[in-house]
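Trainee: Show me the folded form of this:
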Amino acid sequence: MSDTTMFELVSPERLLMSRDVSMVVVPGGEGFFGVLPRHSPLLSTLVPGVIDVYEDGTITDRIFVAGGFAEVTEDRCTVLAEEAVAVADLDVAATEQRVVDLRDELKDATGNEADRLTRRIAELETVVVAMKLAKGS
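Mentor: From the prediction side, this is the model:
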């Protein structure tokens, strides 16, 4: 029996990571969960947060995800992320500026466009909080 499980991280654009790991901790919709080899099958939504990838008991990668889904099987954890960025590469200021820009657009928007912008602003505000937590600021 293997002491590792396959971890795959997929964004809409491409496969970001695919390798054997000893454990991965994922920000699930019902709370964080750890995936070890021979895990019970599971499907979960993701909330904005950080995926910690472990190899030999040490965190080797920390990846911020803005949301998505995770599928866990006995030998694999696949994360389909809406957006994924290494924690070291997070740009909180740029995301905060996107919120400001969207608020400006919202001033002139009506109907469905106003609803869409309002939802996107709320999503990005959640992402900003999660990014700040991930960065430790």
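Trainee: Could you pull up phi and psi at the residue of the chain most remote from its centre?
Mentor: In the chain, the greatest distance from the average C-alpha position (CA atoms, centre = their mean) is reached by Asp108, at 31.3 Å. According to degrees, to the nearest 10, the main-chain angles of Asp108 amount to phi -100, psi 0.
Trainee: Quick check, pLDDT for it.
Mentor: Note on Asp108: pLDDT of 91.
Trainee: how far away is it from Arg120?
Mentor: Distance of Asp108 to Arg120, computed by CB to CB, to the nearest Å: 15 Å. Backbone N, C-alpha and C define where each C-beta goes, glycine included.
Trainee: Equivalent analysis for Ala70, please.
Mentor: As for Ala70, its distance to Arg120 is 23 Å (criterion: CB to CB).
Trainee: Give the buried residues for stretch 28-36.
Mentor: Across stretch 28-36, burial judged by 16 or more other CB atoms under 10 Å covers Gly28, Phe33, Val35.
Trainee: can I get those in TSV with distance to Arg19, pLDDT and secondary structure?
Mentor: Converted to TSV, the buried residues of stretch 28-36 look like this (distance: CB to CB, whole Å; pLDDT from 0 to 100; DSSP: H, G, I helix; E, B strand; the rest coil):
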residue	distance to Arg19	pLDDT	secondary structure
Gly28	21	96	strand
Phe33	20	97	strand
Val35	14	96	strand
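Trainee: Nearest to Val92 among these?
Mentor: If you rank the buried residues of stretch 28-36 by distance to Val92 using CB to CB, Gly28 comes first, at 23.2 Å.
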